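Participant: Give me coordinates for this.
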Amino acid sequence: MSDHHSEPRARDLLVVDNLRTHFFTPEGIVRAVDGVDFAMKQGSILGIVGESGCGKTVLGLTIMRLIPDPPGKIVTGNVFFQGVELTALDDLEMRNIRGNRISMIFQEPMSSLNPVFTIGSQISEVFLLHQKEMAYNKSRALEMSIEMLKMVGIEYPAKRIKDYPHQLSGGMCQRIMIAMALACKPKLMIADEPTTALDVTTQAQILDLMIALQQDSGTSIILVTHDLGVVAQTCQDVAVMYTGKVVEFASVTDIFLQPLHPYTKGLMKSIPKVGSGLTGKKLPAIPGNVPTFKNMPDGCTFHDRCPEVMEKCFSQAPPVFRPETGHRVRCWRYEG
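Facilitator: Take a look at the predicted model:
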């Protein structure tokens, strides 16, 4: 969906070009990421939205080269990060980039932290492993860990680094995950549903924290979420995913003010709005479910749930159309 094919432009931090990640299972091939294209600029926040099962997390793991092989495989496509082609790197070269220049916050902080090690030793490990050229010793790494806890707003950091994950709340664990992800001042941070398991107040604090850190450090963020409210607050650009494809890509303003794809319109209508006169009524919902890989429809994979379906949609998958500058959509309604 990028206007450039394979060659990244100088100001782009990340360019994903025709990326496909498939899982080869005894039941068949799962096309989890199926021809994704987008580019993101240095210092920006890109939201990737869609229902569960549309390929958002697999896309993040593919960029990080963390897809388990077997059964997963990057089948085609390129990922350019600061001009370096990530899919061509060997494991050692990729390990030097992962954690150091690109980091990831995983969905469940409680299960991502190791229960048998203290918080301090887990953050210290990031400095000791990824910043070898700084020649940190353990005590210096621990000092840096305390600084990171201060940065993400944890009180009594010198005391907290001696704690184990089970002694902390979900919100604190999430802050620690962010501290670990930012420890090496990465150029890109992929946050996979960073506020899922948290209450609304803590969610707001975590998002404010991420925006503040992004502004201070210049780190770009890919925010994987299904919460459109979060996207409206934080992102500059949005990629809407459905069945492994980006079906719409535009600025956050365009997506919210004039969504083009019927799927995006359905997502927008399902957001509760204050003063909408819907008190006591059900919110509009998109009918049906995301299709599974076993019963993927022909043509446009959204046709069986789409209120604007046409004859063509049943048999032919739509290519990318560009009805306006910077707005790209996979829908036959915008042909010509």
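Participant: Pull up the gap between Met79 and Pro157, please.
Facilitator: You called it Met, but residue 79 is Val. 35 Å (CB to CB, to the nearest Å). Quick note: C-beta positions are derived from backbone N, CA and C, even for glycine.
Participant: Pick out whichever of these two has more residues nearby.
Facilitator: Val79 (23 against 19; other CB atoms under 10 Å).
Participant: Tell me the confidence at the more buried one?
Facilitator: Predicted confidence (pLDDT) for Val79: 97.
Participant: give me every residue that touches it.
Facilitator: By CB atoms under 8 Å, 6 or more residues apart in numbering, the contact list for Val79 reads Leu14, Val15, Val16, Asp17, Leu19, Thr62, Ile63, Glu85, Leu86, Thr87.
Participant: The same query, at a cut-off of 7 Å, please.
Facilitator: For Val79, the contact set (CB atoms under 7 Å, 6 or more residues apart in numbering) comprises Val16, Leu19, Ile63, Leu86, Thr87.
Participant: likewise Met40?
Facilitator: By CB under 7 Å, 6+ apart, Met40 lies in contact with Asp12, Leu13, Leu14, Leu46, Ser220, Asp237.
Participant: Quick one: mark the members of those that sit in strands.
Facilitator: Asp12, Leu13, Leu14, Leu46, Ser220, Asp237 (DSSP state E).
Participant: Give me the nearest residue to the third one, chain neighbours excluded.
Facilitator: Put plainly, it is Leu14. Distances taken as CB to CB, 6 or more residues apart in numbering put Met40 closest to Leu14, at 4.9 Å, once the chain neighbours are dropped.
Participant: Phi first, then psi, for that neighbour.
Facilitator: Main-chain torsions, Met40, degrees, to the nearest 10: phi -130, psi 140.
Participant: Just the pLDDT at it, thanks.
Facilitator: Reported pLDDT at Met40 in the predicted model: 94.
Participant: Out of the ones in strands among the contacts of Met40, which comes closest to Leu128?
Facilitator: Among the ones in strands among the contacts of Met40, Ser220 lies closest to Leu128 (CB to CB), at 25.5 Å.
Participant: Select the longest helix from this structure.
Facilitator: Using DSSP state H, we find that the single longest helix of the chain is helix 200-217.
Participant: What average pLDDT does it get?
Facilitator: Mean predicted confidence for helix 200-217 is 85.
Participant: Dump that helix to CSV, restricted to CA.
Facilitator: The C-alpha coordinates for helix 200-217 follow below in CSV (Å, rounded to 0.1, in the frame of the first residue of the first chain):
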residue,chain,number,x,y,z
VAL,A,200,-9.6,3.0,32.9
THR,A,201,-7.7,5.4,35.2
THR,A,202,-4.5,3.4,34.9
GLN,A,203,-5.0,3.1,31.1
ALA,A,204,-5.1,6.9,30.9
GLN,A,205,-1.9,7.2,33.0
ILE,A,206,0.0,4.6,30.9
LEU,A,207,-1.1,6.4,27.6
ASP,A,208,-0.1,9.8,28.9
LEU,A,209,3.2,8.3,30.0
MET,A,210,3.9,6.8,26.6
ILE,A,211,3.0,10.1,24.8
ALA,A,212,5.3,12.1,27.2
LEU,A,213,8.2,9.6,26.7
GLN,A,214,7.7,9.6,23.0
GLN,A,215,7.9,13.5,22.9
ASP,A,216,11.0,13.5,25.2
SER,A,217,12.9,10.7,23.6
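Participant: Please work out which residues outside it touch it.
Facilitator: Under the contact criterion CB under 7 Å, 6+ apart, helix 200-217 has outside partners 45, 152-153, 171, 174, 178, 182, 185, 191, 194-195, 198, 219, 221, 230, 233-234.
Participant: Show the buried residues in those residues.
Facilitator: Buried members of those, counted by 16 or more other CB atoms under 10 Å: 45, 152-153, 171, 174, 178, 182, 191, 194-195, 198, 219, 221, 230, 234.
Participant: Quick check: helices, which of those residues are part of them?
Facilitator: Assigned to helices by DSSP H, the following of these qualify: Gly171, Gln174, Ile178, Leu182, Val230, Thr234.
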